[in-house]
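Peer 1: coords below, sequence missing:
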Ligand SMILES: Cc1ncc(C[n+]2csc(CCOP(=O)(O)OP(=O)(O)O)c2C)c(N)n1
């Protein structure tokens, strides 16, 4: 996935001279995850810029650059280090189009490596998507496959609106038969995909939890469950049609994500499903999420992250008797 | 390893000398003058450009009248709030006049007057404070960024824009305005640091008007002056009398010229005073005494210029009356247009959140439309 993300920026920069990549260590080092590897060499330091170490400054400068017609692609080094930039994100990035009645859209892509499962120490594993999705004016996108990493990032960079592009960092090293020279076209922002069709219940998920859900769906066969797996791909806008159609078909649903449950994206999804699928539901809609705790130390994270067993136990509770 | 053995700590018995070190920049030329720079009432005034100063005078008089009119509109409930710049007009006017058409102004929430002096329709400049929309103008058309309410957050934007313009080879300077309180914000630091590292064509203008709402400068910073902060970033700092429009114009023009010719950013501290309260919601008697206000009234930016120009025979009674008449015309037009109720369309709430409206917003717009229709019946 790392290679696909880098390739997406490279192709976007080659096609459009207004695309600029900026962030901490994105130049000679290629970023701490090497996602921007080679960009400074190919396009020069003016197009792929090592900035001072200051997240508000990076995003604030990107606002000014976008005001002048550039398309900045900003890298935040880690999820929890994006927080100093929240003031810029919320007060300016998300609102500029609206404040100026459409006169000044901001085409900024903010890449945020997020989530756990890589043994990171404190402040390196947060799932901060709830903060982003709660902010009107931002698109929030998260790929789970190599194809989507490329396709969704290209679309985010081309978008005239700001996009928070959440990169599941434990999938950076996931591999796929993927040809960088002819990447497959994928549906754009705002479209969910049914990754596995099924009939007995729907797992709704995104980003780092997709592979876990697919594995759970495989394991569930033995228990006689034929699970459908929906990958949201984009949290804002959210593809309600695909989710609702799936849940109406199966009559049962579980939302799975790493972020804390209370006030997490799953709470919103469950509310929508209840509103739109009430008469089709055979059981309450359940959630499997991270605990409502600060992200745990690496040696304990496996207990926090939704795993296959916890998903299967939850699916079992869909055998609802009232 | 004990602390004593650490390199750098207690190293009196060092065997090898430490690696060579030298500062990147000579600090001396960056240091501000110990006293605010002044022109009016000094020998330097001999070189005043009469044309420019008469223009400044007309704008100062108009600016004073604008402040009075906007404050009156607040009392009449036409504006939700108005942060007055009475006493600070020289800063506002000089900032506006010093820029070329292609340059950009990044005002803070107090700087409506600078935006108006740059040519923005006063009614458009006041929509934010009237409450009918946030930004009442197209920033690109006027090259005036939206008035920024979160303090200092517009400063990194100015840096980014100026940097982008320079990358494109365009001759554009950005002038960003901030209050003394705003200099304590992290964004102030980040913007100055970025600007200096990138050598971006930016001018930072701090209006030190004594207070951030009620908090005096001494509780805001321990720096000798705010201009001194420039040295730490590697840019020149200038200290200037913010009530002396000639000094303001000269110092700003120099900084704009430095930026334009690739010399990088400058930080300017204008020492001025906020004569009126912070806004109509503030009670200034709680934190400052009359004597202080009166002392500053005796150093009024309009009077200072009027006295100088009159003494030098560059302005007569007819000229003064002419400026006042022009200001009255502006005020009458502003009053009249602000007294008309703005026409609002509630459905605008759902416009311009995204380029393409989301399903969620379409649903909510339908809900509001139905509510509005029900109200009409
Ligand atoms: C980030 C932020 N914090 C707090 C406020 C509330 N606030 C509005 S004006 C103000 C004082 C600003 O003082 P200063 O920067 O000196 O500017 P002045 O009002 O004197 O022009 C404060 C605290 C704000 N607008 N933004």
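Peer 2: Received it, and whenever you're ready, just let me know what you need. Just so you know, these numbers come straight off a predicted model, no measurement behind them. Residues are numbered from 1 along each chain as shown, chains lettered A, B, ... in the order given.

Peer 1: contacting residues around the closest residue to residue A:3 other than its chain neighbours?
Peer 2: Distances taken as C-beta to C-beta, 6 or more residues apart in numbering or on different chains put residue A:180 closest to residue A:3, at 6.9 Å, once the chain neighbours are dropped. All C-beta atoms are positioned from the backbone trio N, CA, C, and that covers glycine. By C-beta atoms under 8 Å, 6 or more residues apart in numbering or on different chains, residue A:180 lies in contact with A:3-4, A:7, A:150.

Peer 1: export the residues you listed as TSV, with columns for distance to residue B:244 and neighbour count.
Peer 2: TSV is the format used below for these (distance: C-beta to C-beta, whole Å; neighbours: other C-beta atoms under 10 Å in any protein chain shown):
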residue	distance to residue B:244	neighbour count
A:3	60	18
A:4	60	25
A:7	58	20
A:150	59	25
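
Peer 1: in a markdown table, list those along with secondary structure.
Peer 2: Converted to a markdown table, the contacts of residue A:180 look like this (DSSP: H, G, I helix; E, B strand; the rest coil):
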| residue | secondary structure |
| --- | --- |
| A:3 | helix |
| A:4 | helix |
| A:7 | helix |
| A:150 | helix |
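
Peer 1: now those residues in a markdown table, with pLDDT and distance to residue A:268?
Peer 2: Shown next, in a markdown table, are the contacts of residue A:180 (pLDDT from 0 to 100; distance: C-beta to C-beta, whole Å):
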| residue | pLDDT | distance to residue A:268 |
| --- | --- | --- |
| A:3 | 96 | 33 |
| A:4 | 97 | 29 |
| A:7 | 98 | 33 |
| A:150 | 98 | 28 |
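
Peer 1: confidence score at the residue nearest to residue A:3?
Peer 2: Turning to residue A:180, the model gives it a pLDDT of 92.

Peer 1: ok, residue B:120 next?
Peer 2: Per-residue confidence (pLDDT) for residue B:120: 98.

Peer 1: what of the one 10 residues further on?
Peer 2: pLDDT recorded at residue B:130 is 94.

Peer 1: can you check residue A:319 too?
Peer 2: For residue A:319, pLDDT reads 89.

Peer 1: that one is in what secondary structure piece?
Peer 2: For residue A:319, there is no enclosing helix or strand under DSSP states H and E.

Peer 1: how about it: what's its closest non-neighbour residue?
Peer 2: Nearest non-adjacent residue to residue A:319 (C-beta to C-beta, 6+ apart): residue A:283, at 7.5 Å.

Peer 1: save the contacts of residue A:180 as a markdown table, and put in distance to residue B:270 too.
Peer 2: Formatted as a markdown table, the contacts of residue A:180 follow (distance: C-beta to C-beta, whole Å):
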| residue | distance to residue B:270 |
| --- | --- |
| A:3 | 52 |
| A:4 | 52 |
| A:7 | 50 |
| A:150 | 51 |
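
Peer 1: contacts only, for residue 32.
Peer 2: I went with chain A, as the question did not name one. Counting by C-beta under 8 Å, 6+ apart, residue A:32 has contacts A:25, A:77-78.

Peer 1: my question was about chain B, not that one.
Peer 2: So residue B:32 contacts B:225, B:227-228, B:230, B:236-239, B:269 (C-beta under 8 Å, 6+ apart).
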